[in-house]
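Return atomic coordinates for the entry below.
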Amino acid sequence: MQQNPVTLTEKLRVHFREVFNVLDIVGIATYLASFILKAVTPREAEMPISGELTQHNVYHIISIIAFLLLGLRIIQVCEVSMKTGPKIIMIGKMMVDFILFLFLIAIFLITYGICSQALQTPNQDKVSGFSLYNVILLPALNVFGEIGLEDMQASFIEGHCTTGEGTCEDADIETLLATNTVASTHYYFLQILMFLYLLFVNVLLLNLLIAIFSNTYETIESEAAKIWKVQWCAVVVEFKHKQPLPNPFSLIWYLVFTIRWCVTKLQCRKCEPCIQETEVAPDIDYYDLHMKEAEARENYSIQKEEEDEEGDIRKSLKFIKDKLMISQLNAVQSAPTMRSMSVDQSELLVRDIKHHSIHRDARKSPYIGSDIQRTLLADRNVPWEVAFPYNPPDFTEPDILKNTDKFTVDPSNTGNMIGAFNKVVEIDGDKVDRVSFCGTYQVVEGLPLNPRGRTGLSGRGQLNRWGPNQTAEPIVTRWARDLNDNQIILNGHPVLEFVGIFLKESRKWAIPGGPIRHGEQLTTALKREFGEDALGSTEMGTEQKEHVRVMLKEHLALGIAVYKGYVDDPRNTDNAWVESHAINYHDGLGTSFSRFPLRASTAGESLSAEWITLDRNLDLYGNHEWILEKVCFHRHAYNPFSTSAKKQLPVVAT
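Down below sits the predicted model:
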């Protein structure tokens, strides 16, 4: 909390932060100057009969300026109105844009003005007309349509006349251009120059200014109510402590206030309690209100976003409890209250809400690895319950259809596939699981429907199975360490490293993982996928594969379930989608997983496999950023993806 200004310098600094207070001072000073000048001007000199600049002319101009400034001061009163208040803010914001525009147009204007005058008067060192009027004012008038072609031709004839026998007065532009090659060259070049000048200024710069003003208008208009409340409060508080008379009659009030202050000071010298009473701060902290007003003007959009996020958390606690299957994850049955949450918990809940809202990556066009364009969908049309004309394109990767192994890839006809939708069926001793983590999904005309809604594309895309395609994602982590083998600490939490693979097609970092085969145990799939993606086991010999299998069995034995559910994956379609088992294996001492010989398979989907330090600048695939953030939460590690995370230098743990 900032304190009230005490010294005169601080009070003046606060006072002059307001533009209208500056107008007050300048307007009153200008009026006083005109008043004094009027008083000292002799009566006989008040009539401006002669053409000379007299004392009366100066007084007259200063009076006009004073009236103009004091008239503009009335604008602040308009800020109280909800209709005109935001418009005043728009004018202030647009003035900043207008100053930049003036700088740009001045470059064109002055450059054209100098070149124009140089082409019109090439034979004279000094011409009476060569002034700021010709260099600046005339080009500025050209912008508003005042071309002044006759005056320009007259100046052109005078500047190119070479004789002193009176031919300049008798010459016309056609004769001059026909008899003087230099003049004709300069004249036509001047016409081209004027055309380019008007083209750039009138068409390009003026339309740019209009576009900037339109953007400012839309931005302020969308927050008109909030801006008006801030302005209304500020004006009411300010005028409560201001003089009751308008300018320039406020001089009388200031005079009365000064006399009253002097009398009070003289009386209080004999009275100590009176001095103490006058030193009590007013009930209204004007300085604090002023600072809050300035902050609100700059950050009102950020405040609105934070309020919306907090409202989303309150409204979505029941949604999270029902949709995240808290009971399956052995969580507490009752959702935590807002007051009992920490900042990290609240922020994680916000990201959970966004993650479990309508999918977005699954609606991106074109479909990944192809030129197939999805049907564009507004958010309101994504749920299947919303009825509207919908005929998406159908696409299934041709290479997938070539695979005839029913335990690996489903056939194009769902009637010939093994198992049944929404059921776990045992076939030849192997379980075929087609149950979704999202609950029971709809099956319409023999095709399953994505539980998150429409994606703009039917078929299977690049996915092997109809309905849920369950994947295993082993997240192998350790603590990041410096050269002295000490943990790196940021914001009081240790920093994590994870084994990541760099994908060839998307050029993004990802967690190793892949589809779970029918009849395959989850633990077996996790070890197999990590070995294939991060260790290159598919290209190893029999002896090396056995060595890797033993290592994985030893070190990937105990892990924690980080996430189990739907994945907003760009490969998803209306009839096939990805669901993930994300299990975290952590090496707290940093001695076990460091022995893994990380390398990517040349025939696989990745280019490399490395230990990657978690950083907010990582470009991660799909929902992997959200999954890694949950790992940070479970491991009490530094979360670089949090909006509250601040950049710090690493601190060595003690």
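
In a strand, residue 564, correct?
Yes: judged by DSSP: H, G, I helix; E, B strand; the rest coil, residue 564 forms part of a strand.

beta partners for residue 470?
Note on residue 470: beta-bridge partners residue 579, judged by DSSP bridges.

Make sure it is actually in contact with residue 515.
Yes: the pair residue 470 / residue 515 is scored as a contact, 7.1 Å apart, by Cβ atoms under 8 Å. C-beta: built from backbone N, CA, C; applies to glycine.

of those two, who's got more company?
Using other Cβ atoms under 10 Å as the criterion, residue 470 and residue 515 rank with residue 470 on top: 23 against 18.

can you give me the strands in the stretch 101-250 of the chain?
For the stretch 101-250 of the chain, no strands turn up when DSSP state E, counting those that start in this stretch is the criterion.

show me where it has helices.
Remark: helices assigned in the stretch 101-250 of the chain by DSSP state H, counting those that start in this stretch are 132, 138-143, 149-160, 167-170, 173-179, 181-198, 206-221, 224-240, 250-268.

Tell me which of the ones you listed approaches residue 401 most closely.
Each of those has some distance to residue 401 by Cβ to Cβ; the shortest is helix 206-221, at 49.4 Å.

Tell me how many other residues crowd the closest residue to residue 449 other than its chain neighbours.
Counting by Cβ to Cβ, 6 or more residues apart in numbering, residue 442 is the residue found nearest to residue 449 once chain neighbours are left out, at 4.3 Å. By other Cβ under 10 Å, the residues close to residue 442 number 12.

what sits against residue 442?
By Cβ atoms under 8 Å, 6 or more residues apart in numbering, the contact list for residue 442 reads 384, 448-449.

can you list these in JSON lines and add distance to residue 157?
What follows is those, written out as JSON lines (distance: Cβ to Cβ, whole Å):
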{"residue": "384", "distance to residue 157": "80"}
{"residue": "448", "distance to residue 157": "86"}
{"residue": "449", "distance to residue 157": "83"}
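
How many neighbouring residues does the nearest residue to residue 365 once chain neighbours are set aside have?
Counting by Cβ to Cβ, 6+ apart, residue 365 lies nearest to residue 374, which is 4.4 Å off, once chain neighbours are set aside. When neighbours are defined as other Cβ under 10 Å, residue 374 has 21 of them.

quick one: what helix or strand has residue 374 in it?
Using DSSP states H and E, residue 374 maps to neither a helix nor a strand.

re earlier: so which of the contacts of residue 442 is surrounded by the most neighbours?
Result: residue 448 is most packed of the contacts of residue 442 (other Cβ under 10 Å), 22 neighbours.

host element of the residue nearest to residue 504 when sequence neighbours are not counted?
Excluding the flanking residues, the one nearest residue 504 by Cβ to Cβ, 6+ apart is residue 607, at 5.5 Å. Secondary structure assignment for residue 607, by DSSP H and E: strand 606-613.

next one: residue 369
Assessed by DSSP H and E, residue 369 sits outside every helix and strand.

just residue 506 next, same as before
Using DSSP H and E, residue 506 is not contained in any helix or strand.

Show the contacting residues for it.
Going by Cβ under 8 Å, 6+ apart, residue 506 touches 368, 621.
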